[in-house]
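K.L.:
Got a sequence here, can you model it:
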Amino acid sequence: MIDSRWFSTDYDYSGPAEVVFQDPHAEFFGPASVGPDEYGRPIVQITVERSSPPISDGFDLAEIQLGSHTHPDGVKVITLGGGAWNRARVTVRGKEGVFKSTPGWEYRFSDMPSDKPLTLRLNPTNSEYTAAVAARERFLVLPLSGFVSELPHHLQLIRGHPLDIQGGPDSFAARCIPFQVNGEMAFIQQLPGVAEGSVGIKPWGGETILTAVAVVPIADSAMTDPWGWFLNVFLRLLDFATGSEVGTPWIEVRDEDGCLLRRLHLAINQGQHRSEGYAALRGAIHWQNGEFLTNALSSAEAREPFFSIALGHCYKAGVKGLSIGDQLAHIVRALECLCTRYSFGKQDLTDGLTPELKNAVGDVLEGASAEIRKLASTMADPSRDQIARIAERARSAAQKDRYFGLAVKSLVSHFGLLDSEVLGPYFQANPGPGGRGWVESLSYYRGAVFHEGYIDLDSPGPPVGEVLGFIFHLHDLLVRILLKIIGYRGMYQPRSIRGNAAQTADWFGRGVNVEAILRVPTMGIK
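P.N.:
Now for the predicted structure:
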């Protein structure tokens, strides 16, 4: 258990309880204990004192859980395994507040008949505790699991804050990341003991490891919506930054003085965490001033669905143990999501050509189409229709097309990055697979994972180190685009640089050692 002046991983909502089953309707009453399970999720244990309708045997319980129908001979029949399991919601009225769950299927009765009182155990997946206190909702508090990063020392910034874990105004804060939400200070603070080398704290004995607490001022009411933009974006930002799947056992809503008003039990990403993946902000130097979170949470584009989707794929592409093909698949899906959002999903193949060249290409294609139509006119069905379709395709060959390489090139230019300008000449001198340039190689590797299903490293072709270098650079390019979207100008750790580094999103440009970036040492493998 973790205890501080205000924060605790333990809770007890015990009191008189009422459980209501939906269809068929039934009610159970009795004293209940409510406390955390091995993942911090609430467990409700009720000793049934009375019920409506009364329960006399196991058949009555089965009828409530599964429903029944009357056979033509007048006998009640329960169909085991064929009907819908009845849902139940629970309300527990404690001394200091009320605990309520939404209807759910996660419950179990004790056996009947028995010489002991009937008991009912519920494991609600979505529930809320509301304190008997009327006050303005001021702060969100998220205990964080899986948040592993080197945090800077900011000993003075949160001293005296009502939600500083360490205590009163004379205490010294543990490592923390300060950032801004709507011009007000927010912070992520390490739990006591974590900064001294511990990987985290297991407060409930299960797999959940708590490492930090996030305290965020409520800038708008939508932030308290567990299914709204804030929680989704905030946790995905932390995944992206740390290379670890970050979760929370619950969300707390507190007042100006730090007193608990509500606790929303959601248990997001609890259990065994994926960790030790690529972390875009893994060092204290990357977290300085909290600019990354400040910019992201104030960005209008970051609140759109595409951004959290791309963030999720970017994080998953760096998960430890993923195959080369799976890494590339996540990177491509993220880039295609971004290309669609910024209207680069289709390209005009004549874009950038002079009017003279456009006309020349059009004349050649028109002539080719006419010749194919002549050929079609000499054919019988069904060949005639097939060849006529080819003629039409030849005529429109220079119009809009879906070409991944060109789409990424346009996306890169849109955000002012120089990768195309640097890698175009490099691939002319050092061609990719089958003599391809950089743009063509982008489409080639996309096709390998989405059409062939894998990257064939056994056939003749680029060495494994060059394939890895291509993928690592493409992943880094995705990271830089995401940083550009939120306007982040601070430091990050490029994946394509081996060893610790602190670069801005504009670091890849003329003068970089492209050879060192695109050729990863593989200890002699191919």
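K.L.:
Show me the shaky parts of the stretch 101-250 of the chain.
P.N.:
Regions of the stretch 101-250 of the chain meeting the criterion pLDDT under 70 cover residues 154-155, 167-174, 193, 195-199.
K.L.:
Now do the strands for it: every range, in order, please.
P.N.:
According to DSSP state E, counting those that start in this stretch, the stretch 101-250 of the chain carries its strands in the segments 107-109, 119-122, 127-131, 139-145, 176-181, 184-190, 210-217, 248-254.
K.L.:
partners of the third one in the sheet?
P.N.:
Counting by DSSP bridges, the strands paired with strand 127-131 are strand 97-101 (antiparallel), strand 260-268 (antiparallel).
K.L.:
go on, the first one?
P.N.:
According to DSSP bridges, strand 107-109 has the following sheet partners: strand 119-122 (antiparallel).
K.L.:
Export the strand it pairs with to CSV, keeping only CA atoms.
P.N.:
In CSV, the C-alpha atoms belonging to strand 119-122 read as follows (Å, rounded to 0.1, in the frame of the first residue of the first chain):
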residue,chain,number,x,y,z
THR,A,119,-23.3,-14.3,-0.7
LEU,A,120,-22.9,-12.4,-4.0
ARG,A,121,-19.5,-11.3,-5.4
LEU,A,122,-19.3,-8.7,-8.1
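K.L.:
Please parse this structure into its domains.
P.N.:
Using automatic domain parsing, the domains assigned to the chain come out as 15-125, 139-298, 338-348+403-518, 355-398.
K.L.:
mind checking which of those domains is nearest K316?
P.N.:
Taking Cβ to Cβ as the criterion, K316 comes closest to domain 139-298 out of these, the separation being 8.3 Å. The way it works is simple: take the backbone N, C-alpha and C, and place the C-beta from them, glycine included.
K.L.:
what about that closest one, start to end distance?
P.N.:
The first and last residues of domain 139-298 sit 17 Å apart, counting by Cα to Cα, to the nearest Å.
K.L.:
Then stretch 287-302?
P.N.:
Using Cα to Cα, the span of stretch 287-302 from its first residue to its last is 19 Å.
K.L.:
which parts of that stretch are buried?
P.N.:
Buried residues in stretch 287-302, counted by 16 or more other Cβ atoms under 10 Å: 287-288, 290-299, 302.
K.L.:
one step back: so can I have a markdown table of the domains of the chain showing distance to L311?
P.N.:
Output for the domains of the chain, formatted as a markdown table (distance: least, Cβ to Cβ, whole Å):
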| stretch | distance to L311 |
| --- | --- |
| domain 15-125 | 25 |
| domain 139-298 | 4 |
| domain 338-348+403-518 | 7 |
| domain 355-398 | 36 |
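K.L.:
winner for burial among those domains?
P.N.:
Stretch with highest mean neighbour count among these: domain 139-298 (a mean of 19; mean count of other Cβ atoms under 10 Å).
K.L.:
Compile the buried residues of stretch 287-302 into CSV and extend it with columns for secondary structure and pLDDT.
P.N.:
Output for the buried residues of stretch 287-302, formatted as CSV (DSSP: H, G, I helix; E, B strand; the rest coil; pLDDT from 0 to 100):
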residue, secondary structure, pLDDT
W287, helix, 92
Q288, helix, 85
G290, helix, 93
E291, helix, 96
F292, helix, 97
L293, helix, 97
T294, helix, 97
N295, helix, 97
A296, helix, 97
L297, helix, 96
S298, helix, 95
S299, coil, 96
A302, helix, 96
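K.L.:
Show me which pair in those residues is furthest apart.
P.N.:
Spatially, the most separated pair among the buried residues of stretch 287-302 is Q288 and A302, at 20.3 Å (Cβ to Cβ).
K.L.:
ok so, going back, got the strands of the stretch 101-250 of the chain as TSV, with distance to I387 columns?
P.N.:
Below are the strands of the stretch 101-250 of the chain laid out as TSV (distance: least, Cβ to Cβ, whole Å):
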stretch	distance to I387
strand 107-109	66
strand 119-122	68
strand 127-131	66
strand 139-145	62
strand 176-181	63
strand 184-190	65
strand 210-217	64
strand 248-254	61
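K.L.:
Out of those, flag the one nearest K95.
P.N.:
Of all these, it is strand 127-131 that lies closest to K95, at 10.6 Å by Cβ to Cβ.
K.L.:
which residues sit in contact with N269?
P.N.:
Residues counted as contacts of N269 (Cβ atoms under 8 Å, 6 or more residues apart in numbering) are 145-146, 235, 245-248.
K.L.:
ok, these vs L468, which is closest?
P.N.:
Closest to L468 out of the contacts of N269 is E245 (23.6 Å), distances taken as Cβ to Cβ.
K.L.:
Phi, psi for that closest one please.
P.N.:
The phi and psi values for E245, taken as degrees, to the nearest 10, are phi -80, psi 110.
K.L.:
Tell me how far it lies from Q189.
P.N.:
As for E245, its distance to Q189 is 20 Å (criterion: Cβ to Cβ, to the nearest Å).
K.L.:
do G205 as well
P.N.:
Counting by Cβ to Cβ, the separation of G205 from Q189 is 24 Å.
K.L.:
okay but R436 is in contact with G447, surely?
P.N.:
No - judged on Cβ atoms under 8 Å, R436 makes no contact with G447 at a distance of 11.2 Å.
K.L.:
Next up, the contacts around the residue at the greatest distance from the centre of the chain.
P.N.:
Most distant residue from the mean C-alpha position of the chain: T378, 57.9 Å away (Cα atoms, centre = their mean). With contact taken as Cβ under 8 Å, 6+ apart, T378 is in contact with no other residue.
K.L.:
what about the strands in the stretch 251-400 of the chain?
P.N.:
260-268, 347-348, 400-401.
K.L.:
Can you tell me which of the ones you listed has the worst average pLDDT?
P.N.:
Lowest mean pLDDT of those: strand 400-401, a mean of 58.
K.L.:
just to revisit the earlier point, nearest to E452, of the strands of the stretch 101-250 of the chain?
P.N.:
That would be strand 139-145 among these, by Cβ to Cβ, at 38.1 Å.
K.L.:
Could you check how far that closest one is from the centre of its chain?
P.N.:
Centroid separation for strand 139-145 versus its chain: 17 Å, with Cα atoms, centre = their mean, to the nearest Å.
K.L.:
Going by contacts, tell me the helices and strands next to it.
P.N.:
Applying 3 or more Cβ pairs under 8 Å, 6 or more residues apart in numbering; DSSP states H and E, we find strand 139-145 packed against strand 210-217, helix 229-242, strand 248-254.
K.L.:
Show me the one of those that comes nearest L442.
P.N.:
Judged by Cβ to Cβ, the one of the helices and strands packed on strand 139-145 that comes nearest to L442 is helix 229-242, at 22.3 Å.
K.L.:
between the closest one and strand 210-217, how big is the angle?
P.N.:
140 degrees (axes from the mean of the first three to the mean of the last three Cα atoms, to 10 degrees).
K.L.:
could you say what helices and strands helix 229-242 packs with?
P.N.:
In terms of contacts (3+ Cβ pairs under 8 Å, 6+ apart), helix 229-242 is packed against strand 139-145, strand 210-217, helix 291-298, helix 305-317.
K.L.:
now those in JSON lines, with distance to G94?
P.N.:
Compiled in JSON lines, the helices and strands packed on helix 229-242 are given as follows (distance: least, Cβ to Cβ, whole Å):
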{"stretch": "strand 139-145", "distance to G94": "20"}
{"stretch": "strand 210-217", "distance to G94": "24"}
{"stretch": "helix 291-298", "distance to G94": "34"}
{"stretch": "helix 305-317", "distance to G94": "36"}
